[in-house]
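Student: based on what follows, work out the 3D shape:
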Amino acid sequence: QVQLVESGGGLVQAGGSLGLSCAASGSIFRINFMAWYRQAPGKQRELVALKASGGSTNYADSVKGRFTISIDNAKNTVYLQMNSLKPEDTAVYYCNADIRPRISTPSSGYWGQGTQVTVSS
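Tutor: Residues are numbered from 1 along each chain as shown. Predicted structure coming up:
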């Protein structure tokens, strides 16, 4: 069984910084990519940033230049450093990973429980 456990988040003033982390645990043979999504009230969940095992990254246009995704492969942990935060960044942030649990099983997507980020103006 694979679990993703998030930490970080909270309340910050506009212009401030915040960091999120998400650790994958359990049966893990390979992690293909790890990503962060967010969902604001009344809006659809959207991709914020993704980092593949090969190193390539992808960011939403709205966060480019402000957010940085990184992965500690030894710890199976993904981080999201958020700088210059804006009120419109307020959302529940979810960790997502595409993981192959065992060599004999296919890869599947897994989600964290979500963590609230609130940016006050």
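
Student: C-alpha from now on. contacts and neighbour counts both.
Tutor: OK.

Student: so what's the residue nearest to P87 when sequence neighbours are not counted bridging to?
Tutor: Spatial nearest neighbour of P87, excluding adjacent residues (C-alpha to C-alpha, 6 or more residues apart in numbering): V119 at 4.7 Å. For V119, the beta-bridge partners are V12 (DSSP bridges).

Student: do Y110 as well
Tutor: Note on Y110: beta-bridge partners by DSSP bridges are A97.

Student: residues touching it, list them.
Tutor: Residues near Y110 by C-alpha atoms under 8 Å, 6 or more residues apart in numbering: V2, Q3, L4, N96, A97, D98, I99.

Student: quick one: contacts of stretch 64-74?
Tutor: Outside stretch 64-74, the residues within contact range by C-alpha under 8 Å, 6+ apart are 34-35, 49-51, 57, 77-85.

Student: how about a cut-off of 10 Å?
Tutor: The list of residues contacting stretch 64-74 from outside it, by C-alpha atoms under 10 Å, 6 or more residues apart in numbering, reads 17-23, 31, 33-36, 48-53, 55, 57-60, 77-85.

Student: leaving out sequence neighbours, find the closest residue to the residue nearest in space to the middle of the chain.
Tutor: Central residue of the chain (C-alpha atoms, centre = their mean): W36, 2.6 Å from the mean position. Spatial nearest neighbour of W36, chain neighbours left out: C95 (4.7 Å); criterion: C-alpha to C-alpha, 6+ apart.
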